[in-house]
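Colleague: The sequence and its predicted three-dimensional model are supplied below.
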Amino acid sequence: MRLTFLICKKEFKSYFASPIAYLLMAVFGLIFGGILYRQIRIVMAMSFQAQMMGQSQPTNLNEMIIRPLLGFASTVSLFLIPMITMRLIAEEKKTGTIELLLTSPVKDIQIILGKWFAALFLYLCILGMSALDIALLFVWGKPDWRPVLVAYLGLILQGGCLLAMGLFISTLTKNQIIAGGITFFLCLALLLIPYYFDTEYKTEWYWKAINQVSIVTHFENFSKGLLDLGDVVSYVSMIFLGLFITSRSMESLRWRS
């Protein structure tokens, strides 16, 4: 466990030794803040219009602002995750340090978990930029905090799943651009499955199975504040699968080094 922590610490620090961490956090923060401002203006305009018409209805901040925002954050994160994972193993292969790492007395699973946790912690830092904006809504309004926590849990599980897949892809090439590109298209494919195949309205078992692969399908309940054990198990299973195939790929690299 100590070696896993050391690898995680080294990898996490390396993100902030380059502009990548600051760039990702700044980009996400600016985009999220801009969408928050737009959403608040829309809600204020709707409330003002309702008052002009003599209607009085309470503003549900969770449904009208927070849920669309976190759903948007789920989509934006798909574009940022490839930039987090593309360097994890590919850079080691390019610089030649992968041979030193694989021949050291460190187990593959320790390397994998260390790098995956480092990527996950950076992802949490990026999500933290959105949490600052959401916190402002609690200062000036009274949204329900429980659906917000459930939605963030969904974002973390979804991110962990895609980070595991990106880590695996990073073991396949020494070119970071290629690793990032393939990870991006994989994330996009997992996002577009329900829309491309229209699986939501098909009743055959194989279409339902394909629909379960989509990350959008499982995040839908989280965005509503509903904690479904099936969605949690699906995300955890995909994380385990990603880390498992990464370990097999690392084992292959160890034999070839």
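Modeller: All right, it came through fine.
Colleague: Met83 is in contact with Ile20, correct?
Modeller: Yes. Contact criterion C-beta atoms under 8 Å: Ile20 and Met83 qualify, at 6.5 Å. In short, each C-beta sits where N, CA and C put it, glycine included.
Colleague: Tell me which of those two has more neighbours.
Modeller: Taking neighbours as other C-beta atoms under 10 Å, Ile20 and Met83 compare with Met83 leading, 19 against 16.
Colleague: Now that one: which helix or strand?
Modeller: helix 67-85 (DSSP states H and E).
Colleague: who does the helix or strand following that helix touch, helix- and strand-wise?
Modeller: In the C-terminal direction, the helix or strand that comes right after helix 67-85 (DSSP H and E) is helix 90-95. Packing contacts for helix 90-95, counted by 3 or more C-beta pairs under 8 Å, 6 or more residues apart in numbering; DSSP states H and E, involve helix 176-197.
Colleague: change it to 6 Å
Modeller: Helix 90-95 sits against no helix or strand, with contacts defined as 3 or more C-beta pairs under 6 Å, 6 or more residues apart in numbering; DSSP states H and E.
Colleague: Going forward, the N-terminal residue is numbered 756.
Modeller: In the new count, where the first residue is 756, that last one comes out as helix 845-850.
Colleague: which residues sit against stretch 927-938?
Modeller: Stretch 927-938 is touched from outside by 837, 840-842, 845, 848-849, 921, 924-925, with contacts defined as C-beta atoms under 6 Å, 6 or more residues apart in numbering.
Colleague: Now with 10 Å, please.
Modeller: With C-beta atoms under 10 Å, 6 or more residues apart in numbering as the test, stretch 927-938 has contacts from 833, 836-851, 853, 917-918, 920-926, 1001, 1004, 1007-1008.
Colleague: Pull out the buried members of those.
Modeller: For the contacts of stretch 927-938, a neighbour count by 16 or more other C-beta atoms under 10 Å gives the buried set as 833, 836-848, 853, 917-918, 920-926, 1001, 1004, 1008.
Colleague: Distance check, the residue nearest to Leu982 when sequence neighbours are not counted against Leu912.
Modeller: Nearest residue to Leu982, sequence neighbours excluded (C-beta to C-beta, 6 or more residues apart in numbering): Val905, at 5.2 Å. Here Val905 is placed at a distance of 11 Å from Leu912 (C-beta to C-beta, to the nearest Å).
Colleague: Which neighbours do these two have in common?
Modeller: Phe977.
Colleague: can you list the weak-confidence ranges in the stretch 756-905 of the chain?
Modeller: Scanning the stretch 756-905 of the chain for pLDDT under 70 picks out the ranges 805-806, 809-815.
Colleague: Before I go, just wanted to say thanks for your time.
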